[in-house]
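Engineer: Whatever this is, show me its structure:
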Amino acid sequence: MLPRNGQIVIYGKEGHAEVNALKGQTSGTAIVIGSEDDLSKIDLLPPCENLQSDHKSVDGFRQIVTIIRNGWKR
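Structural biologist: Okay, here's the model as predicted:
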């Protein structure tokens, strides 16, 4: 479920079957990021829910979340 006035961010590979399935559950509105280079896709103002695809590393996911929580700026 989409957070109220927010966005869903999926850490995974765009086009991967699992990511497509997750994105489909959001009516295609989720933002997919695969690395720090993709963080500019995220609008940090509204609430954000993060999902991880299991084909990506947990450590990579934690790193992305830490960067965002520490006030990442575009």
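Engineer: what are the ranges of the strands in the protein?
Structural biologist: 7-11, 31-33, 48-52 (DSSP state E).
Engineer: So which elements touch the second one?
Structural biologist: Going back to what we said before, that points to strand 31-33. Helices and strands in packing contact with strand 31-33 are listed as strand 7-11; criterion 3 or more Cβ pairs under 8 Å, 6 or more residues apart in numbering; DSSP states H and E. Where C-beta positions appear, they are placed from N, C-alpha and C, glycine not excepted.
Engineer: Mind checking the pLDDT average for the strand it packs on?
Structural biologist: Strand 7-11 carries an average pLDDT of 86.
Engineer: And stretch 60-74, by the same measure?
Structural biologist: Averaging pLDDT along stretch 60-74 yields 77.
Engineer: in that stretch, what's buried?
Structural biologist: Of the residues in stretch 60-74, those buried under the neighbour-count criterion (16 or more other Cβ atoms under 10 Å) are Phe61, Ile64, Ile68.
Engineer: Could you pull up the residues touching the nearest residue to Ile67 once chain neighbours are set aside?
Structural biologist: Closest residue to Ile67 apart from its sequence neighbours, by Cβ to Cβ, 6 or more residues apart in numbering: Glu36 at 6.4 Å. Listed by Cβ atoms under 8 Å, 6 or more residues apart in numbering, the contact partners of Glu36 are Gln63, Ile64, Ile67.
Engineer: Tell me which of these fall in helices.
Structural biologist: Restricting the contacts of Glu36 to those inside helices, with DSSP state H as the criterion, leaves Gln63, Ile64, Ile67.
Engineer: which one of the residues you listed is nearest Asn20?
Structural biologist: When the ones in helices among the contacts of Glu36 are ranked by distance to Asn20 (Cβ to Cβ), Ile64 comes first, at 19.8 Å.
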